[in-house]
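predicted model and sequence follow; I will ask about them next.
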Amino acid sequence: MTLWRLALLGGFLLITWCSSMAQELHVDIIPKPDRVILQDGALNLNQSFPVYYSERFQELSSLLSEVPKLQVASYELFRKMKKHQPAGIWILESSESDRLRPSEYTLVISPSGVMIKSPDSAGALAAIQSLHQLSMLQHTAALPFVEIQDKPRFAYRGLHLDVSRHFMPIAFLKKYIDVMALYKFNQFHWHLTDGAGWRLEIQRYPELTKKAAWRPQAHFADWEKYGKRYVEQGTANAHGGFYTQAQARELVAYAARKGINIIPEIEMPGHSEEVLAVYPELSCTGLPYTQNEFCVGNEQTFTFLKNVLDEVLTIFPSEYIHIGGDEADKSHWKTCPKCQALKSKLNLQTEEELQSYAVQQMDEYLQSKGRKMIGWDEILEGGLTDGATVMSWRGEEGGIEAANKGHDVIMTPQSHLYFDFYQFDPRTQPKAFGGYLPLERVYSYNPLSEKIAKDKAKHILGAQANLWTEFMPNPQQVEYMAFPRALALAEINWTEQDQRDFPDFKRRLQKHYALLQDLGVNYYRPSFDVLYDVVYDAAKKSNRITLSSEQYTPTIRYTTDGTDPNNESPLYIAPIDLAVSATLKAASFLDSARMGPIEIVELDIHKAIGKSVQYNTKWNDSYAAQGERTLVDGRKGGVSYQDGKWQGFTSDIELVIDLDRREELSRVAARFMQMPGPGVFFPGSIKVSVSDNGKSYREAGSFVPHIDKNPAVLDIQSFEIKFDKPVMAKFIKFEAKNTKKAFLFVDEIVVD
Ligand code: ACM
């Protein structure tokens, strides 16, 4: 029997138990712990507790004094459990008999107080963070009696922040780290250098922060628009900033105390316009403002980078150092005599191999200093250097390839973890980078792809979300984009896959909105806008409409008679079946007030549903949606072209619908999406022809969509061709011109 259990038997002192209190107690921790056993009763926090710590936890036990509502009376090195021990807080190194593995912890709240056990600091810190959350989640000064046993799924739990596009003050970074720690992140990837500004003092190269950290425009977009120039520090109206080495060290220590390691990123060989503006001798042209990539044929480049790293290594004790490696232009290397001479000397065939050589120089240098190198997945091109850990961002493929080759990998795919993407309908959101990444999609991510061999799974260290700040000019906007999506990531990284469940996460999240409010975090509030899904049921010949919103328990009312829904319209309770074409209008309500816009859904029961379609031009394989069924399945797409309902084309569209028999036709309509950011445009024209034999066609009508000079961030329109008089035909040929030579996205071709 452990000392702790003896103490439990012996010391029923200072028990405060109150059943009405018990009903209000919450153990809705995010990320969800491995095992939680809630018991009746609560520990009253209207008293102060002595803290007893094992020697190795002396320093971190001071974090207990930061747990809200918890009053620490004293700190004392733990020796042994006393008889008639009054209630206290114990933070103890576990013994063999506790059978706790590295990073694991137990947290028991009982009449005797709080008992934390772990074999190491990582586990003890996680326990304190659980305690911190538990306290914040209660409405009263009490902690529920509970037994928690917990451990992380992944060792690497990261969040990134780009401070180059927009400089962020240290005070904010501390707040960011505080929130990260509360949700059990343990890695902060600090993107310190990029074309938009160098942010770290390097004593040997003062121009980096005297000039390359400052620009005449505050906002990245304006800086980009007006020529991407830097100005001397101290110039009137100069915007930007940098961290002194002392400030960076202070942040490192601040984060370390909370269990967070800071990984600095020093970009090379691309994304380096700012360096080359002030040290142009390191570019192929020798001129400032001419290229984004270092000249790798110039030995001075490596001298510079190694000198920079020497200073970086004195600031950051992190085992991992990130050297970037993404999106290097490489085009100047092709015509640069120095780069070409190096290529010949090393007998390299491609510019990718030159990049690989440059990365290898960094890898070897960092290894010689006892560190490990991380690079973005482009470092796979041209051959991966031995010691590299790959950060997979363009998708999961790079990470899968690297892991299967035996390299360590951190998953940060933009498909699920780029928090610079929109988190809701772009028409309702502040400008973001593009893309579409709502909370549920983030939550659905599993870093362990099935394509990773079983014996290579250990190479997936964990996942990280990236926050590139092109459209985040200040801390408030960073918070808005990071939260609550970072809470979903916290659970991806911490909680076993079979224990994860979005509805339960969403339920717990309701409590964490209040917690984020208490912390003053400007998080994205869940929208009231009505979301819908329409599926055609071929057997019943009817459309089934499902309505929802991001609200936890939304009140949605709807009509099908063309009137606007009000607080007396039918309440949506379950999916609605409609066997005739109709217009459904729906909106969210809070008591009697309508919240947000009326969503209008055109529901078509049309003649082409379920019919066969022959594609004369093929869809783009990345956006096949449901293949040949997509455009005649009755399903309408939502605001994301990745939702499996929109079919994407990079060519013109030409297809033929076979109606099985001659039908009388009155119109053909096709619904298209336009989203200029990622290059999705309406067609220049559409045309419909008909035929009885599928060989000779006669034109039935055409339509030229209006081209907007300043298109909205997102637009969805149905383009209709109405026939003057009914047309009889068995085959319908549909054509749409990809005038912009970009993407066409269409979700349905409606035939009446
Ligand atoms: C990246 O987003 N270029 C790593």
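Received, thanks.

who in the stretch 601-750 of the chain is up against the ligand?
By Cβ under 6 Å from any ligand atom, no part of the stretch 601-750 of the chain sits against the ligand. C-beta: built from backbone N, CA, C; applies to glycine.

nearest to the ligand: which residue in the stretch 601-750 of the chain?
Of all residues in the stretch 601-750 of the chain, P678 sits closest to the ligand, at 14.4 Å by Cβ to the nearest ligand atom.

nearest spatial neighbour of that residue, skipping sequence neighbours?
Spatially, and ignoring its direct neighbours in sequence, P678 is nearest to G434 (4.8 Å; Cβ to Cβ, 6 or more residues apart in numbering).

and for that neighbour, the neighbour number?
Number of residues near G434 (other Cβ atoms under 10 Å) recorded here: 18.

identify the residues contacting G382.
350-357 (Cβ atoms under 8 Å, 6 or more residues apart in numbering).

quick one: secondary structure of G395?
coil (DSSP: H, G, I helix; E, B strand; the rest coil).

measure the nearest residue to it once chain neighbours are set aside to the ligand for me?
Leaving aside its sequence neighbours, G395 sits nearest to P413 (Cβ to Cβ, 6+ apart; 5.3 Å). Note on P413: its distance to the ligand, by Cβ to the nearest ligand atom, to the nearest Å, is 10 Å.

which residues does P413 contact?
By Cβ under 8 Å, 6+ apart, the neighbours of P413 are 392-396, 399, 445.

SS state for the residue nearest to P678?
The three-state label given to G434 by three-state DSSP is coil.

now the strands for the stretch 651-752 of the chain?
Ranges of strands in the stretch 651-752 of the chain, per DSSP state E, counting those that start in this stretch, are 653-674, 686-691, 698-703, 715-736, 744-751.

and the third one, how far from the chain's centre?
Relative to the chain's own centre, strand 698-703 is displaced by 45 Å; criterion: Cα atoms, centre = their mean, to the nearest Å.

report the buried residues of that strand.
By 16 or more other Cβ atoms under 10 Å, the buried positions in strand 698-703 come out as 700-701, 703.

what do you get for stretch 328-341?
So for stretch 328-341, counting by 16+ other Cβ under 10 Å, buried means 328, 330, 332-333, 336, 338-340.

list, one by one, the residues from the stretch 201-350 of the chain near the ligand.
With Cβ under 6 Å from any ligand atom as the criterion, the stretch 201-350 of the chain meets the ligand at residues 326-327.

do that again at 5 Å, thanks
Within reach of the ligand by Cβ under 5 Å from any ligand atom, the stretch 201-350 of the chain has these residues: D326.

residues contacting the closest residue to the ligand within the stretch 201-350 of the chain?
Residue nearest to the ligand within the stretch 201-350 of the chain: D326 (4.0 Å; Cβ to the nearest ligand atom). D326 is in contact with 270-271, 375-378, 393, counting by Cβ under 8 Å, 6+ apart.

with pLDDT and distance to E735 added, can I get the buried residues of strand 698-703 in a markdown table?
Shown next, in a markdown table, are those (pLDDT from 0 to 100; distance: Cβ to Cβ, whole Å):
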| residue | pLDDT | distance to E735 |
| --- | --- | --- |
| A700 | 95 | 11 |
| G701 | 95 | 11 |
| F703 | 95 | 11 |
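
out of the contacts of P413, who's nearest the ligand?
W393 (4.4 Å).

okay, that closest one: pLDDT?
On the pLDDT scale, W393 is placed at 97.

follow-up on the earlier one: show me what contacts the residue of the stretch 601-750 of the chain closest to the ligand?
Residues in contact with P678 (Cβ under 8 Å, 6+ apart) are 434-435, 743.

that older thread, looking at the strands of the stretch 651-752 of the chain, which is buried most?
Across those, averaging neighbours per residue (mean count of other Cβ atoms under 10 Å) puts strand 744-751 on top, at a mean of 25.

in the stretch 1-150 of the chain, where is pLDDT below threshold?
1-25 (pLDDT under 70).

just for this protein, where's the confidence low?
1-25.

quick one, strands of the stretch 201-350 of the chain?
For the stretch 201-350 of the chain, applying DSSP E, counting those that start in this stretch gives strands covering 214-215, 239-240, 261-268, 320-324.

now these in JSON lines, with mean neighbour count?
JSON lines is the format used below for the strands of the stretch 201-350 of the chain (neighbours: other Cβ atoms under 10 Å):
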{"stretch": "strand 214-215", "mean neighbour count": "24"}
{"stretch": "strand 239-240", "mean neighbour count": "22"}
{"stretch": "strand 261-268", "mean neighbour count": "24"}
{"stretch": "strand 320-324", "mean neighbour count": "23"}
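
okay, those in JSON lines with distance to R629 next?
Output for the strands of the stretch 201-350 of the chain, formatted as JSON lines (distance: least, Cβ to Cβ, whole Å):
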{"stretch": "strand 214-215", "distance to R629": "51"}
{"stretch": "strand 239-240", "distance to R629": "52"}
{"stretch": "strand 261-268", "distance to R629": "45"}
{"stretch": "strand 320-324", "distance to R629": "43"}
